[in-house]
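Colleague: following is a predicted model, sequence given first.
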Amino acid sequence: MRTISSALESAQKNLSSSPIWKVVLSRASQTTRGYDNTRVIKISHTETPSGDTVELVFNNSDGALTALDFEHYQAVISYGYNTGAARSAWVAASTYAVDDFVIPTSANTTGYQYRCSIAGTAHATTEPTWPTDLGVTVADSTITWETDGKTGEEYSRAAPFRVRVQELHSGRGILRCILRPEGILDQLDEDKAESIYTQTSASAITVQTLITAIAGATLAPYTNYAAYTVNYDSTDSLIGTFIPADYFSVQLNESRLEKIEELLGYTGCKMRAQNDGTIHIFDPVTAGTAYNYEYKFNVAGDHNFWNKTVRLRFVNPNQEIVASHPDHSPSYSGSATSATSYALAPKTHTTYRRLVSNAQAGSIAAAMVERYELDAEKGFATVPMNVGQ
């Protein structure tokens, strides 16, 4: 779990150069609106393995937000610093990649820089008319530029949200607009099955194919919902080969999130929403000590943290037995344990699945134990943002 608000508050107290942030709110056929520190006075942002939540508090003392309706607007939150990074002026007919930056050949009064959000080649002769509102885009031949912020600012974007709650708050001497958007995984949890889906024992559909179909809104119970792309960044041996067959079904009102989580439970893979607006599947590294860098306290060559809390807990269950149902023939089985906790006090869980070998049963058991171990290990750290890294 990652909580952002405390890190921002600590940064403000501990750094001479305070962090900056911006929020871009957009919806089809509606005006895009972008706000920075001059309007957004607080962001409370928590990320967990099963969803992201955020509360945005805006200064509304001038009443500028009172009449605006942000229902279902996409909210893109970016955190950063003004690092003074050099930006080159726009050049006609040049090729630009995503996240390249330019400034106008004649700087506008806002001092904004522009980020390439869709790669391409700039117009052969004519410079775009640069917008002067945060988050607003402009076409430049095959390129799309987005107003990014003041020249020299560098941001890290969070995965996109959708606004679900909007409040206007007034008190003695204050006017506030408060938005509570939800992340992609939370939106998947809102999407309930509109019909029942079942599979037979002869089904040949793998876990990976089912996840892609549920997220992509092509599986029958979920076809009325928004489609999300799934990127498989790293996978284990199970996700593309294991066939849950008749042990997988969708009942009325079961959510897309819980069915994807159920399918991932057969494997050692996890998922997260990323700032490209897609779902990424990865196989986490749970052993070894070789890292590109680590957060350490006052150690040269590594990144500092301000505080941290770690805790190891007893793993329960600590033995998983995966076996064929007694009615299945041929019959297979396998098991795995979380060795330290199992030696202290055995806690066994048994799962029936339609299996093809003892090795497959053992692999599923090991993946499930890995999930139990990850769920049992909790930690907290307040760290500086690696903007520009």
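Modeller: Arrived safely. Numbering: from 1, shown residues only.
Colleague: if I look at the closest residue in space to residue 278 that isn't next to it in sequence, how far off is residue 274?
Modeller: Closest residue in space to residue 278, ignoring its immediate chain neighbours: residue 229 at 4.3 Å, by CB to CB, 6 or more residues apart in numbering. Yep, even glycine has a C-beta here, placed from its N, CA and C like the rest. Separation of residue 229 from residue 274 (CB to CB, to the nearest Å): 11 Å.
Colleague: try residue 341
Modeller: Counting by CB to CB - residue 341 and residue 274 are separated by 32 Å.
Colleague: and these two? Which one has more around it.
Modeller: Under the criterion of other CB atoms under 10 Å, the comparison of residue 341 against residue 274 puts residue 341 first, with 22 against 16.
Colleague: wait, the residue nearest to residue 278 touches residue 218, no?
Modeller: No. The pair residue 229 and residue 218 does not pass the contact test of CB atoms under 8 Å, sitting 12.0 Å apart.
Colleague: what about residue 154, which SS state?
Modeller: The three-state label given to residue 154 by DSSP: H, G, I helix; E, B strand; the rest coil is strand.
Colleague: those helices in the stretch 251-389 of the chain, which residues are they?
Modeller: Remark: helices assigned in the stretch 251-389 of the chain by DSSP state H, counting those that start in this stretch are 256-264, 339-344, 358-376.
Colleague: what's the most buried one of those helices?
Modeller: Compared across the helices of the stretch 251-389 of the chain, helix 256-264 shows the largest average neighbour count, a mean of 21 (mean count of other CB atoms under 10 Å).
Colleague: from the middle of its chain, how far away would that one be?
Modeller: Centroid separation between helix 256-264 and its chain, computed with CA atoms, centre = their mean, to the nearest Å, is 16 Å.
Colleague: shaky segments in the protein?
Modeller: Along the chain, the parts satisfying pLDDT under 70 run over 1-17, 289, 291-293, 385-389.
Colleague: tell me what the residue nearest the centre of it is bridged to.
Modeller: Nearest to the mean C-alpha position of the chain, by CA atoms, centre = their mean, lies residue 273 at 2.6 Å. Counting by DSSP bridges, residue 273 is bridged to residue 279.
Colleague: does it touch residue 183 like I think?
Modeller: Yes. With contacts defined as CB under 8 Å, residue 273 counts as touching residue 183 at a distance of 5.7 Å.
Colleague: overlap in contacts of the two?
Modeller: Any residue near both residue 273 and residue 183 by CB atoms under 8 Å, 6 or more residues apart in numbering counts here, and that gives 52, 159.
Colleague: all helices for the stretch 51-200 of the chain, in order.
Modeller: Listed in chain order, the helices of the stretch 51-200 of the chain (DSSP H, counting those that start in this stretch) span 184-190.
Colleague: which residues in it form strands?
Modeller: Ranges of strands in the stretch 51-200 of the chain, per DSSP state E, counting those that start in this stretch, are 51-59, 74-82, 88-89, 95-96, 101-103, 112-118, 120-121, 137-140, 143-150, 153-157, 161-171, 174-183, 197-198.
Colleague: distance from the longest one to the middle of the chain?
Modeller: Taking CA atoms, centre = their mean, one finds strand 161-171 lying 22 Å from the centre of the chain it belongs to.
Colleague: one more: the fifth one?
Modeller: Chain-centre distance of strand 101-103: 27 Å, with CA atoms, centre = their mean.
Colleague: sheet partners, orientation included, of that strand?
Modeller: The strands beside strand 101-103 in its sheet (DSSP bridges) come out as strand 88-89 (parallel), strand 112-118 (antiparallel).
Colleague: how about the fourth one?
Modeller: Using DSSP bridges, the strands paired with strand 95-96 in its sheet are strand 120-121 (antiparallel).
Colleague: distance between the strand it pairs with and the chain's centre?
Modeller: Distance of strand 120-121 from the chain centroid (CA atoms, centre = their mean) equals 28 Å.
Colleague: could you do stretch 57-67 as well?
Modeller: The answer for stretch 57-67 is 29 Å, by CA atoms, centre = their mean.
Colleague: for stretch 187-201, same thing?
Modeller: Centroid displacement of stretch 187-201 relative to its chain, using CA atoms, centre = their mean, is 22 Å.
Colleague: what residues of it count as buried?
Modeller: Across stretch 187-201, burial judged by 16 or more other CB atoms under 10 Å covers 187-189, 191, 193, 197, 199.
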